Each structure stands twice: as structure tokens, then as C-alpha cells.
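S.K.: Structure for this input, please:
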Amino acid sequence: MRLILLGPPGAGKGTQAQRLVAKHDIIQLSTGDMLRAAVAAGTPVGMQAKEIMASGSLVPDEIVIGIISDRLDQPDMKNGFILDGFPRTVPQAEALDELLKKKHIKLDAVVELRVNESALLQRVESRVAEMRARGEEVRIDDTPEVLTKRLAQYRSMTEPLIHYYSERRKLLTVDGMLTIEQVTREINRILAAIDAADARAAAKKAQAKRARVAKAVKKPAKAAKKASKGAKKAATKVAKPAKGKVARRPVKAAKKVTKKRAKR
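M.R.: Below you'll find the model as predicted:
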């Protein structure tokens, strides 16, 4: 199973990704984790990323794609993967499509967790208020103000991917406002339907292949049978004496000789 999870911050992508990893025995690919692993491993792409990250600049898309490419070649990827947080833009999606095409990897689905932004903000506000009431420290990146900025960024940069994957018939939308369990069940239902459709398509393809093979085997046999029939017919024609004038010619010739001798 090869998936991409889409959705704004707070939609629950991380939770659902973990459940999908456990259910399908696939690898969750985080570009941040992959970048750090590539840098630690000292791969050529990782060394390029290290220099850029050290300067405080954003790692270019082509380097991120290179790191994903290296990761997809690892043995543990045989069961599939789930991408969470990548692609974030249409150009990244186009680059990813090109990479998967080169590697002959099929992307099964893009699951969008659609949520109500106002409801998300209310959730964060309530959580922050409860944490403060208990005297707990609130993370600076877990406030309504930060979420508002991240949602705006998502709308401008990432939301166009919904149209991009919808055009390619890869997009599957799930109501992210349901409970965690309900969202999980809905995602599993959709993926089960995809598996069933793929199984039917594979069976149909196999059946068509068997039919072509049977036809290919039957054709030479038919030709051989026809050739054998033709040879038998030719042999019969040679063996049988010809009827008509040709058959009576030797008899006539013999009668003429006898008649001439009688006259003498």
C-alpha cells in the first residue's frame, strides 16, 4: 500500500498514519526524519542537505526528492509507504510523480482529512485554556495564533494538491471531524475497496493473458492440422487413377494396335 496523507495542521494525520503503519506493515516517511538520517549516514544527497541546512536555508525540492528516491530503494519498503507532510506543493507533487514513474511504483491513493478550520481553532483554544487552568506549560507552537498562521499557509501552498490529485483520480476524502475511531474505520473501508478493485483488475488481466496464450497455442495447432489435411488430400489424389479420358487412353491405344495387326 502506497499512500499520501493530506490535511491541515490539527487534522489528525499523524494519528491516522501510525494506525495505517500498524495495520498494513508499511513505513511512514517523514521528510524531516529522512533528511536527518541521510545527513547522519553521510550519503551524497545527505551531505548536500547538510551544507544547506547549516546555512539556515530551506532544502531545495530536488534534494528532498533525491533523499526520498534513496529511501524508496531500501529493502524495508517492499510492503509500501505512507507520506505525511510531503508533498506540500504542486511542483513537489509533480516531481514525486516523475520519481515514482521512473521506479515503476504505483501510488494507490491520496487520503485527504477534511476538517472545519473554525472547529480546529476552538479545539486548540479549549485545550490551551484547560492546560493553563491546570498550571501546565503550553507549547509556543500549540496556540490559536500559531495555528491560524499554519492554516493560512496550508491554504495557499498545500490545498491546491486537492485539485491536482482529484484530476488524477487519486484523491479520497474523509471527514476529519469524526472521532478518531470513525476516521480510522472510514479510511480502512476506502482502502479495502481499492484492494478489491485492484484484485479484480489483476484477475481480469491474468484471464486476458491466459486467453492470449491459449489462442497462440491453438493457432499453430490449427495450421498444422490444416497442413496435414492438405497433405493427405494430395497423397490421395496421386494414389487414385484419374477418371475420364486420361484413364481410358492406354486402353484405346491397345485396341488400335490390335486392330492394325488384324488388318495385316
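S.K.: ok now the helix ranked longest in the chain, how far from the chain's centre?
M.R.: In the chain, assigned by DSSP state H, the helix with the most residues is helix 180-239. Relative to its parent chain, helix 180-239 has a centroid offset of 23 Å by Cα atoms, centre = their mean, to the nearest Å.
S.K.: residue ranges with poor pLDDT in the chain?
M.R.: For the chain, the stretches flagged by pLDDT under 70 are 141, 221-224, 231, 234-264.
S.K.: Spell out, range by range, the helices that occur in this structure.
M.R.: 13-24, 31-41, 44-54, 61-72, 90-102, 117-133, 144-153, 160-167, 180-239, 245-263.
S.K.: Just tell me which of those ends up closest to R2.
M.R.: helix 90-102 (8.0 Å; Cβ to Cβ). For glycine as for every other residue, the C-beta is placed from the backbone atoms N, C-alpha and C.
S.K.: what helices or strands is that closest one leaning on?
M.R.: On a contact count with 3 or more Cβ pairs under 8 Å, 6 or more residues apart in numbering; DSSP states H and E, helix 90-102 meets helix 61-72, helix 160-167.
S.K.: Now tell me what touches that helix from outside.
M.R.: The contact list for helix 90-102 (Cβ atoms under 8 Å, 6 or more residues apart in numbering) reads 61-62, 64-65, 68-69, 72, 83, 86-87, 106-107, 160-161, 164-165.
S.K.: let's see 6 Å
M.R.: Helix 90-102 is contacted by residues D61, I65, S69, P87, L107, P160, L161, Y164 when judged by Cβ atoms under 6 Å, 6 or more residues apart in numbering.
S.K.: and the gap between V45 and Q28?
M.R.: Per Cβ to Cβ, to the nearest Å, V45 is found 20 Å from Q28.
S.K.: These two: who's more crowded?
M.R.: Neighbours were counted for V45 and for Q28 using other Cβ atoms under 10 Å; V45 has more, 22 against 17.
S.K.: re the thing from before, distance to S55 added to the contacts of helix 90-102, as a markdown table?
M.R.: Compiled in a markdown table, the contacts of helix 90-102 are given as follows (distance: Cβ to Cβ, whole Å):
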| residue | distance to S55 |
| --- | --- |
| D61 | 17 |
| I65 | 20 |
| S69 | 23 |
| P87 | 24 |
| L107 | 33 |
| P160 | 29 |
| L161 | 28 |
| Y164 | 31 |
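S.K.: circling back: most packed of the helices of the chain?
M.R.: helix 61-72 (a mean of 18; mean count of other Cβ atoms under 10 Å).
S.K.: orientation of it relative to helix 90-102 in degrees?
M.R.: With axes from the mean of the first three to the mean of the last three Cα atoms, to 10 degrees as the basis, helix 61-72 and helix 90-102 are set at 40 degrees to each other.
S.K.: who touches helix 61-72?
M.R.: T31, M34, A38, V45, Q48, A49, Q92, A95, L99.
S.K.: and which of these is nearest to P9?
M.R.: T31 (15.7 Å).
S.K.: any chance of the helices and strands packed on helix 90-102 in TSV, plus distance to K209?
M.R.: Shown next, in TSV, are the helices and strands packed on helix 90-102 (distance: least, Cβ to Cβ, whole Å):
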stretch	distance to K209
helix 61-72	28
helix 160-167	31
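S.K.: and A214, which of the ones you listed is closest to it?
M.R.: helix 61-72 (37.6 Å).
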